[in-house]
Each structure stands twice: as structure tokens, then as C-alpha cells.
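**Q** Fold the following for me, if possible:
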Amino acid sequence: FDPQGQVRARYDGEFTEESEGVYRRHGHAAMRMRNGISFVGLFENGTPHGEGKIVFPSGDKWEGDFEEGRLHGFGIYTWSRPEGLAPEKHWRKAYMGYLEDGRIESQGRKSTFVFNREVYEGEFRNGVAHGKGVFLWEDGHYYDGEWVNGRAEGVGVLVDAEGKRQKAYWEPCSAKWYVPLKVSRRFWPGQIPEAEAVKTVKATDPAYLRPA
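**A** Numbering: from 1, shown residues only. Sure thing, here's the model as predicted:
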């Protein structure tokens, strides 16, 4: 309950007795918050910690690791289908990889991002490709190489839809030869507003309960 006596969250799950008559949320549980966020998974010392699933009011969801209430570790983040999108329109937007404190960061670790019929697999920094990775375009051509801030830049191999390979040092520019390497900035996931919002949600407070 909040100070006005309104229900802030409903918790159905396990507790551990902290002291006589005082219990802390700890173990497997399901929790639904007044703001529409729901969580099912493990609690430790009053907050989500370990494996779990959180669903946001938008319909977006994260299934994976939590650390002290934050989205942190490996998992799958799935974006919900936008309202008003025509039924015949293909929609798929998902990230399978690592989050650091709710942020898409996977330097030195491979993660995968799928947006409709295009796929990137590799390293991320600040929500865009940065480091080594492979991008597959809808028409079947792909690039395997180095990336800087969401653009193909550095040593890499460009392979067209017929399998013709071209290895070179690539540098972003407006020249015609760079066109097959271009990726719209709108493709990249960037950061996750819902994950950022979780940092300020105090829905698990109080972590202690004193039964009447």
C-alpha cells in the first residue's frame, strides 16, 4: 500500500522470515503493480533477482536475468506490435543478448537483433552495432566485419545475394559503392525506455511485511 492506503502492488509468492513476525519477499513469486507492470520469477532480499519475466503496459517484455531489480544479464527483449499496424504487415522486433543495468551493451559478447526481415548478430554499444558483427539484409546480401556507432566501418567482407565476396577496408561515405552497406539509424534498437523506467519504480517497497 502507498501512504494514501491505495494498493501499490499485489505479491503472490514466497517469503523468508527476517525476524520474529517480520518477513521479506524471497523466492519464487508473481507480482502485479498498479502501473500495469507484471513480474513472475525469483525474488532475493525483497527485489527481483535471478531469472524472471517482466511485461510492461505497452506489451513489451523481457525474459531473462535480473539483478537487484534491474534488467541485467542475458535474456530476450520483445517489442509488441504497434497499434494501428495493418494486419497484413509483417512485424517482428526482438533482441536476444545482454543488458547492463537495462542498457543494450554487449562489447566482447555476441547478441542478436531482429527487426522484421533483417538481422544483426554481433557486438553492441549504446544500443547500436559497435565492434564485430554480421548484418543480413532482406534481399540476402550480408556484411561480416567491423562496425562503429551503427555503421559498417573497418575491415570486413561484403557478400552479395549471388555469393560474390568483396573484402576491403570500408569507410562510410555517400559514394555508390557504399550503398549496399547502409543501415538506417531507425533499424537499431537504441535503448529501452521501459527498462530505464524500472530503475525508478519502487513497486517492491516495502520489502518487509509485518503481518497483523
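**Q** What segments of the protein are helices?
**A** Using DSSP state H, the helices found in the chain span residues 193-198.
**Q** Just the pLDDT at the most centrally placed residue in the chain, thanks.
**A** Centroid check for the chain by Cα atoms, centre = their mean gives Tyr77 as the closest residue, at 4.0 Å. Tyr77 is assigned a pLDDT of 97 by the prediction.
**Q** Quick check: it touching Tyr98?
**A** No - using Cβ atoms under 8 Å, Tyr77 is not in contact with Tyr98, being 10.5 Å away. Heads up, the C-betas are built off the backbone N, CA and C, glycines and all.
**Q** if I look at these two, which residues touch both of them?
**A** Residues touching both Tyr77 and Tyr98 (Cβ atoms under 8 Å, 6 or more residues apart in numbering): there are none.
**Q** ok, the residue nearest to the centre of the chain to Arg109 distance?
**A** Going from Tyr77 to Arg109 by Cβ to Cβ, to the nearest Å gives 15 Å.
**Q** list the buried ones in stretch 21-39?
**A** Tyr23, Arg24, Arg25, His26, Ala29, Met31, Arg32, Met33, Ile37, Ser38, Phe39 (16 or more other Cβ atoms under 10 Å).
**Q** I misspoke; the intended subject was stretch 84-103.
**A** Across stretch 84-103, burial judged by 16+ other Cβ under 10 Å covers Lys93, Tyr95, Met96, Gly97, Tyr98, Leu99, Gly102, Arg103.
**Q** Equivalent analysis for stretch 13-23, please.
**A** Neighbour counts over stretch 13-23 (16+ other Cβ under 10 Å) mark Phe15, Glu18, Tyr23 as buried.
**Q** Ok, stretch 161-176 next?
**A** Buried residues in stretch 161-176, defined by neighbour count with 16+ other Cβ under 10 Å: Trp170.
**Q** what's the span of that stretch from first residue to last?
**A** For stretch 161-176, the first-to-last residue distance is 17 Å (Cα to Cα, to the nearest Å).
**Q** how distant is that stretch from the center of its chain?
**A** Chain-centre distance of stretch 161-176: 30 Å, with Cα atoms, centre = their mean, to the nearest Å.
**Q** Residues touching that stretch, excluding its own?
**A** Counting by Cβ under 8 Å, 6+ apart, residues outside stretch 161-176 touching it are 139-141, 145, 151-159, 178, 181.
**Q** average pLDDT across it?
**A** Average pLDDT, stretch 161-176: 95.
**Q** which regions of this structure sit below the pLDDT cut-off?
**A** For the chain, residues meeting the criterion pLDDT under 70 lie at 1-7, 197, 199-212.
**Q** Contacts only, for the nearest residue to Leu85 once chain neighbours are set aside.
**A** What sits nearest to Leu85 in space, not counting adjacent residues and going by Cβ to Cβ, 6 or more residues apart in numbering, is Trp91, at 6.1 Å. Applying Cβ under 8 Å, 6+ apart, we find Trp91 in contact with Arg81, Pro82, Leu85, Asn116.
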